[in-house]
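A.B. asks: Dropping the sequence and predicted coords here.
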Amino acid sequence: MLPKRWEIAPEHPLIEEKLAAALQIRPLAARLLANRGISTIEGAREFLTPSLQRLYDPFCMRGMAEAVDRLIRGLQSQERIVIYGDYDVDGITATAVLSWFFREIGAPVPYYLPHRMREGYGLNAEAMRKLADQGTRILFTVDCGITGHEEVQLARRLGMDVIVTDHHQVPPTLPDAVAVLNPHQPECAYPAKELSGVGVAFKLIMALRGRLRREARWVGKLPNLRRHLDLVALGTIADVAPLLGENRILVKHGLHELTHSLKLGVQTLKRIARLDAQDIGPREVGFSLAPRLNAAGRLAAAKAGVELLLSDDAARAEKLARYLDSVNRERQVVQAQIYAEAKAAIEAAGGIGNRWAIVLASEGWHPGVVGIVASKLVEEYGRPTVLIGLDGDTGKGSGRSIAAFHLYNALVACQELLVGFGGHEHAAGIRIHRHQVRPFEEALNRVACELLTETDCAPLLGIDAQVQLEEIDDTLLQFVERLEPFGEGNPQPVLLARGVSVVGAPTLVGKEQQHLRLMLRQGHMSFQGIGFAMGRRLTQAKEGILDIAFTPQRHVWNGREECQLVLRDLTPHAG
């Protein structure tokens, strides 16, 4: 694992003083707000009290009026409408949100999810023909479609009107659809550009519900959309969308709905994941719920995930949840094998050497799993990474990147070597001919070499402020909790304390002795410290006096509540 580069955020004395005085909070709390880009009193109040009343008017999104008009005409004339989804959690939850809405207004619509292995990502011609043969007249995509120019044209020739809803990077030319909903498209005035696919889908049903409520001819009941924010939170967190602005509002309320969800499928999934008796936060979504929903789409067919989220039959929900759990365990085995082979390939080539990007390909690597392994390699080597599973003359791959390297733009620069690609700044998928893998590796390395420095490749640990341990108390913990939910764009606060003494002997804990536990003291203050997956740092921890980067956190054990310091990094104190 590469050593982290510590970077303390710059101070904003005027902003911090203003926020502290107006909100009657400590200077340290004001700094935590300023470090998250909050510079006004109103902005701070909105951040600390995210309200659903502050959601933007969905009709601000370019194409929304056209999409809603066409859907209402279709509903009124009882045309066949089909949802075309995607096989990741964002696409699964978006499909489920829309399905729930149409079911609840008394006009259920079918959905179609492509098979990752047989059909690949996005729209495909065979599916267009199949759906047209079934009498489909309105097809609207979720979490895909923005690059489906040929497929949209085919759909139109086959008599289908297409509405594209997507959130991925927009190509120079948009598909010739009835409407395109994507906050990134040119001339779209919608303020929240970083919505996930399920976020865009939710804005569509907000707009559709509002229009139906005003339609005198519509007599069906209209659902309370708040209850579907559980799925919006699931998809938004799983897609690693920034938890700022509108996403923050949706996820904050969505996690509450997820904890108390009335959906049978969600309840069953939480129980199978052993989360039914606790509050659900981003960690529970990211490490327990999302991987199980993702697993079917990675190794088999994603339909099982959607069916579970829509289920109202207890026995069927139980069977689906157990199936997803078993497929997820299978995914973990496949992932471990690919990771070991990728590591061995890197080491056999002499390590990272002078490479600025990692590109590896192998026969039989599962395209549904290589993205997860790429993420682990990025964390380990600090280089943008693309892993490709080869099958015959072609390959499908997934890439992950570091903060300083815009992966989608880099693929644009290499596009003549690719059959196809799509994605965004941090993650992307590609299709490539086998004989182009080596030229692609060389081209991506040239791009990375031009843009990156050694500093860019060192993992960065952002630190909010240097503190004394005496500043850590219940008042600070309460304020930190008001900053939740944490995730992309709104990381957990990280504080730095220098010259902290280790009291007694550090110990290793956990089933595999992988975690580091130690007692820390500075002045008259002592705290228990825990370093998850930091067991290998035991020797450093024995140095006696340390500089520590940590997040203060409330911890309950055996009914006793205390503050513990969750270590993010440590180093011997230089004196």
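C.D. replies: Cool, the structure landed.

A.B. asks: which residues make contact with the helix or strand of the chain with the lowest mean pLDDT from outside it?
C.D. replies: Lowest by mean pLDDT, DSSP states H and E among the helices and strands of the chain is helix 290-299, with a mean of 83. Contact with helix 290-299 is made by 87-89, 91-93, 113, 116, 234, 237-238, 269, 272-273, 302-305, 308-309, 321, 323-325, 327-328, 330-331, 334, 366, 368-369, as judged by Cβ atoms under 8 Å, 6 or more residues apart in numbering. To be clear about C-beta, it is placed using only N, CA and C from the backbone, and glycine gets the same treatment.

A.B. asks: now do 6 Å
C.D. replies: Contact with helix 290-299 is made by 87-89, 92, 116, 238, 302, 304-305, 324-325, 327-328, 331, 368-369, as judged by Cβ atoms under 6 Å, 6 or more residues apart in numbering.

A.B. asks: Okay, and which of these map to helices?
C.D. replies: Judged by DSSP state H, the subset of these located in helices is 89, 92, 238, 304-305, 324-325, 327-328, 331.

A.B. asks: And the residues you listed, which is closest to residue 471?
C.D. replies: Residue 471 lies nearest to residue 238 out of these, by Cβ to Cβ, at 34.9 Å.

A.B. asks: The closest one and residue 209, how far apart?
C.D. replies: 24 Å (Cβ to Cβ, to the nearest Å).

A.B. asks: Look at those two and report which has more neighbours.
C.D. replies: Between residue 238 and residue 209, counting by other Cβ atoms under 10 Å, residue 238 is the more crowded of the two (24 against 19).

A.B. asks: how close does that one get to residue 427?
C.D. replies: Per Cβ to Cβ, residue 238 is found 12 Å from residue 427.

A.B. asks: likewise residue 410?
C.D. replies: Counting by Cβ to Cβ, the gap from residue 410 to residue 427 is 12 Å.

A.B. asks: Then residue 512?
C.D. replies: 29 Å.

A.B. asks: quick one: which of those two has more around it?
C.D. replies: Each of residue 512 and residue 427 has its neighbours counted (other Cβ under 10 Å); residue 427 has more, 18 against 9.

A.B. asks: give the contact list for that one.
C.D. replies: residue 400.

A.B. asks: Tell me which residues touch residue 527, please.
C.D. replies: Contact analysis of residue 527 by Cβ under 6 Å, 6+ apart lists 520, 565.

A.B. asks: Mind doing that once more with 7 Å?
C.D. replies: Contacts were defined as Cβ atoms under 7 Å, 6 or more residues apart in numbering; by that measure residue 527 touches 469, 472, 520, 563-565.

A.B. asks: just those: which has the poorest pLDDT?
C.D. replies: Among the contacts of residue 527, residue 563 carries the lowest pLDDT, at 91.

A.B. asks: Including pLDDT, could the ones in helices among the contacts of helix 290-299 go into a markdown table?
C.D. replies: Formatted as a markdown table, the ones in helices among the contacts of helix 290-299 follow (pLDDT from 0 to 100):
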| residue | pLDDT |
| --- | --- |
| 89 | 93 |
| 92 | 94 |
| 238 | 93 |
| 304 | 90 |
| 305 | 93 |
| 324 | 93 |
| 325 | 94 |
| 327 | 90 |
| 328 | 91 |
| 331 | 89 |
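
A.B. asks: For PyMOL, write a command that selects the buried ones of these.
C.D. replies: Remark: buried members of these, expressed as a PyMOL selection using 16 or more other Cβ atoms under 10 Å:
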select buried, resi 89+92+238+304+305+324+327+328+331
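
A.B. asks: okay, the ones in helices among the contacts of helix 290-299 in CSV with distance to residue 537 next?
C.D. replies: Formatted as CSV, the ones in helices among the contacts of helix 290-299 follow (distance: Cβ to Cβ, whole Å):
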residue, distance to residue 537
89, 33
92, 38
238, 30
304, 41
305, 38
324, 35
325, 33
327, 35
328, 30
331, 29
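
A.B. asks: Quick check, residue 236 in contact with residue 249.
C.D. replies: No: using Cβ atoms under 7 Å, residue 236 makes no contact with residue 249, being 10.7 Å away.

A.B. asks: Neighbour count: those two, which is higher?
C.D. replies: Higher neighbour count among residue 236 and residue 249: residue 236, with 34 against 23, using other Cβ under 10 Å.

A.B. asks: same for the helix or strand containing that one, what does it pack against?
C.D. replies: In this structure, residue 236 sits in helix 229-238 according to DSSP states H and E. Where contact means 3 or more Cβ pairs under 7 Å, 6 or more residues apart in numbering; DSSP states H and E, helix 229-238 is packed against helix 89-104, helix 197-214, helix 245-259, helix 290-299.
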